[in-house]
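> Whatever this is, show me its structure:
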Amino acid sequence: MKCFLNRNPFAYVLLLGLLSLSSYAVAQQLSETSDRWTFANFGSFSEGKMSWTRDTATLQTRNTRHCYFESDKFSYCWQPQEFPYDECSRSSVEVTITTLNMGTAGIMMRADTSAGAANVHLEVNTSGEVLLFSRAEKDQSTSYKRLGKQSLPVTLRLTRNGNAFTGAFKSADGKRQWLDSGTVFSRIGAHQLIGFYGCSGSESERPSDAAVGPLMSARFTDWQSDYTENFISPEQHFKYPDAISKEILASENFDDGSLSNPPERPFNPLWKGIEYAYLPYDTAGGRYWAKSGSGFYTIGDDQWGDYELSLAFAAQEKHQNFGNLEFRLRYCTSVLYPQMDQYFSVVIKEGNRFSFEKHRAGNIQLVKSLQVDELNDGRFHHLKVQLLDQSYQVFIDGRLLAAGKDTLQPITMGKVAFQFQNAAVKLDDVIVRSIPDPVNGVMDNLLQNYFSRPIPEYLKKYGISHLPSLR
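Residues are numbered from 1 along each chain as shown. Model prediction:
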C-alpha cells in the first residue's frame with residue numbers, strides 16, 4: 001500500500017487513514033483533486049466533457065459508441081498507475097454509477113491512449129446489463145462476457161492481478177453482495193491507465209460519424225482504488241546444479257525465487273504468461289509458488305511427445321477452497337484458429353473432485369471423474385501424469401485414478417499448461433521428464449501410425465528416419 005500511495009497522490013488522499021470512506025468524503029476528493037485526472041475524447045467526432053461538484057463527477061459525451069471495436073470511440077477520465085510486478089501486483093478500482101440516461105458507462109484499465117490499445121472495461125447500460133469487455137493484445141478485436149443485470153444505482157469493481165481481470169457488481173443500496181462472475185485476460189503491461197468512461201451509443205443510432213448525436217450523461221461517486229504487492233526478490237548468487245539428467249525436460253522447485261531467469265534451461269524453465277510470482281519461503285528454507293486468483297501459463301513446446309508431469313500441490317490454508325486447478329498436457333494451440341486447441345487435462349476442484357478430460361477442436365470428452373479423499377487439508381499432495389504414445393496414466397499420492405489408450409484421433413504432442421480459477425493453492429517441485437520410447441522414439445508421435453511397428457524403409461528418403469530430441 002505504501003508503494004502505491006507514493007506513486008498515486010490521489011490514493012494518498014482517498015485512503016487517508018481509512019480503507020473505505022463515506023460518500024461525502026470521496027465526493028469531496030473527486031472535486032478537490034480534479035486537476036489530477038486527465039480527460040480526453042477518443043475517436044473522430046467524439047465530443048465529451050467532465051464536470052466536478054461536491055458529491056459527484058459527471059461525464060457527458062456524444063458521437064461515441066460502445067467500446068467493442070478495434071478503433072475505440074469513447075470519453076475517458078483517467079490516472080496513470082504503475083503495475084511493476086505482474087502476478088505480485090494487485091489493483092482494484094470501484095465506483096458507483098448513480099444515473100445514466102443512455103449508452104453505457106463504467107471502469108476501464110488501459111495500456112495507453114492509442115486507439116487499439118489493450119484494455120479491459122466493465123460497464124453497465126441503461127437496461128442494467130453488466131458486461132466485461134477485453135482486448136487481449138494491441139489492435140486485436142474485443143470480446144465480452146455478460147455478467148448479469150442490476151438496476152441503477154450500481155457499484156462496479158474491476159480487479160487486476162497479473163494479466164487476469166475480474167469484474168464484479170452489486171446494488172449500491174447495500175442490499176446485495178458482490179457478484180463475482182467474470183475473469184478475462186489482457187496484456188496491458190507494467191504501466192496502466194485506470195479511470196471511468198462513457199459511450200453515447202452504437203453506430204446504428206446515428207446516420208454517420210459526423211452527425212451530432214444525442215448527449216449522454218452519467219454520474220459517478222464513491223470512487224475507490226487500491227494497490228498492493230507481495231513481491232519477494234529472487235535469491236542472490238543462486239547456484240544451479242552443474243549437471244542435470246538428460247531425461248529432464250523442465251524442472252522448477254522455485255528455490256531461486258524467480259520464474260524468469262534467462263536463458264531457459266531444463267532445470268530453470270521460462271514460464272510463458274507470467275514474469276513475477278509470489279514465491280514465499282517454506283519451513284525448510286526453500287520456496288514455493290503461492291498462487292491466488294486466476295491465471296493461465298505454459299512451459300515447454302509443441303514438440304514434447306512422450307513425457308511425465310509431476311508436481312506437488314496444497315491448499316494455502318487447511319480446508320480452504322483452493323478453487324479450480326487445471327493441468328494441461330500435450331497442449332497444442334493454433335494461432336489462427338484458437339478453437340482448434342487440443343490437449344489432455346487433469347482438473348481438481350472443490351477439494352475432492354478429480355476429472356481427466358480430452359479436449360480437441362472444441363469437443364470435450366470426459367475420460368474419468370470421481371471423488372477422492374479430501375485434498376484441501378493443507379498438506380502437499382503429489383500428482384503424476386504419464387503419457388507414452390497413445391497410453392496415459394494419472395496418479396495422485398501414488399493412487400492410480402485413470403488409465404487407458406487414446407486411439408480415436410489421438411493427441412500425441414504438445415507443451416504443458418497451468419490454468420487457475422479463483423485459486424488459493426501452493427505449487428512446488430514441478431518436473432517434466434521424458435519417457436524413452438523403444439519403438440521409433442518420438443517420431444511415431446508425429447506419424448501416429450507407427451506406435452508399435454517400425455517406420456517403413458521407403459519413408460527414410462523423406463528424412464523422417466531421424467528421431468528428434470524432445471528438447
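
> Look at P263 and say how many residues are nearby.
6 (other Cβ atoms under 10 Å). (Glycine included, C-beta is placed from N, CA and C.)

> what kind of secondary structure is it in?
Here P263 is recorded as coil under DSSP: H, G, I helix; E, B strand; the rest coil.

> can you map out the strands along the stretch 351-471 of the chain?
Here the stretch 351-471 of the chain has its strands, by DSSP state E, counting those that start in this stretch, at 353-360, 363-371, 381-388, 391-396, 399-405, 415-434.

> for the stretch 101-250 of the chain, same thing?
Taking DSSP E, counting those that start in this stretch as the criterion, the stretch 101-250 of the chain carries its strands at 104-110, 119-125, 129-135, 143-149, 154-161, 164-171, 179-185, 191-199, 216-229, 248-252.

> would you list the ones you listed in CSV and tack on mean pLDDT, distance to N422 and mean neighbour count?
Shown next, in CSV, are the strands of the stretch 101-250 of the chain (pLDDT from 0 to 100; distance: least, Cβ to Cβ, whole Å; neighbours: other Cβ atoms under 10 Å):
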stretch, mean pLDDT, distance to N422, mean neighbour count
strand 104-110, 95, 20, 26
strand 119-125, 94, 17, 26
strand 129-135, 93, 15, 22
strand 143-149, 90, 15, 15
strand 154-161, 95, 11, 22
strand 164-171, 93, 9, 22
strand 179-185, 82, 8, 18
strand 191-199, 95, 23, 24
strand 216-229, 93, 18, 21
strand 248-252, 92, 23, 21
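
> nearest to R65, of those?
strand 191-199 (5.8 Å; Cβ to Cβ).

> To Y278, which of the strands of the stretch 351-471 of the chain lies closest?
The minimum distance between Y278 and the strands of the stretch 351-471 of the chain falls on strand 415-434, with 10.2 Å, by Cβ to Cβ.

> Within its sheet, name the partner strands of the closest one and how each one runs.
Within its sheet, strand 415-434 is paired with strand 248-252 (antiparallel), strand 289-299 (antiparallel), strand 307-315 (antiparallel), strand 324-332 (antiparallel), according to DSSP bridges.

> Save those strands as a markdown table, and put in distance to L446 too.
Formatted as a markdown table, the strands paired with strand 415-434 follow (distance: least, Cβ to Cβ, whole Å):
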| stretch | distance to L446 |
| --- | --- |
| strand 248-252 | 17 |
| strand 289-299 | 20 |
| strand 307-315 | 15 |
| strand 324-332 | 12 |
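
> Figure out which of the ones you listed is closest to R65.
Checking the strands paired with strand 415-434 against R65 by Cβ to Cβ gives strand 289-299 as the closest, at 29.3 Å.

> list the buried ones in that closest one?
289-299 (16 or more other Cβ atoms under 10 Å).

> can you tell me the average pLDDT over that strand?
Mean pLDDT, computed over strand 289-299, is 92.

> Contacts for that strand next, please.
Contact with strand 289-299 is made by 87, 161-164, 166, 183, 185, 250, 252, 254, 269-274, 277-280, 316, 331, 415-428, 432, as judged by Cβ atoms under 8 Å, 6 or more residues apart in numbering.

> Go ahead and confirm K149 touches V130.
Yes - proximity of K149 to V130 meets the contact threshold set by Cβ atoms under 8 Å, at 6.7 Å.

> just to revisit the earlier point, the strands of the stretch 101-250 of the chain: which one's closest to L370?
With Cβ to Cβ as the criterion, L370 lies closest to strand 179-185 of the strands of the stretch 101-250 of the chain, at 27.2 Å.

> and that closest one, what does it pack onto?
Judged by 3 or more Cβ pairs under 8 Å, 6 or more residues apart in numbering; DSSP states H and E, the packing partners of strand 179-185 are strand 129-135, strand 143-149, strand 164-171.

> The residue lying closest to M413 once chain neighbours are set aside: what's it in contact with?
Excluding the flanking residues, the one nearest M413 by Cβ to Cβ, 6 or more residues apart in numbering is G305, at 4.7 Å. Applying Cβ under 8 Å, 6+ apart, we find G305 in contact with 330, 387, 412-413, 437, 442, 445-446, 470.

> hmm, 6 Å instead?
Shown in contact with G305 (Cβ atoms under 6 Å, 6 or more residues apart in numbering): 413, 442, 445.

> What of F220?
The contact partners of F220, taken as Cβ under 6 Å, 6+ apart, are 57, 95, 196.

> out of these, who's nearest G398?
Of all those, G398 sits closest to V95, with 51.1 Å by Cβ to Cβ.

> pLDDT value on the closest one, please?
pLDDT recorded at V95 is 95.

> ok, whichever strand or helix holds it: who's next to it in the sheet?
Element membership of V95, judged by DSSP states H and E, is strand 89-100. Within its sheet, strand 89-100 is paired with strand 154-161 (antiparallel), strand 216-229 (antiparallel), according to DSSP bridges.

> now the angle between strand 104-110 and it, please.
Here strand 89-100 runs at an angle of 160 degrees relative to strand 104-110 (axes from the mean of the first three to the mean of the last three Cα atoms, to 10 degrees).

> low-scoring stretches of the stretch 351-471 of the chain, by residue?
Along the stretch 351-471 of the chain, segments meeting pLDDT under 70 span 460-471.

> give me that answer again for 50
Scanning the stretch 351-471 of the chain for pLDDT under 50 picks out the ranges 466-471.

> Could you tell me the end-to-end distance of stretch 392-402?
Separation of the first and last residues of stretch 392-402 by Cα to Cα, to the nearest Å is 8 Å.

> Counting neighbours, which bits of that stretch end up buried?
392, 394-396, 401-402.

> May I ask which two of these are separated the most?
Maximum pairwise distance among the buried residues of stretch 392-402 (Cβ to Cβ): 14.2 Å, between Y392 and I396.
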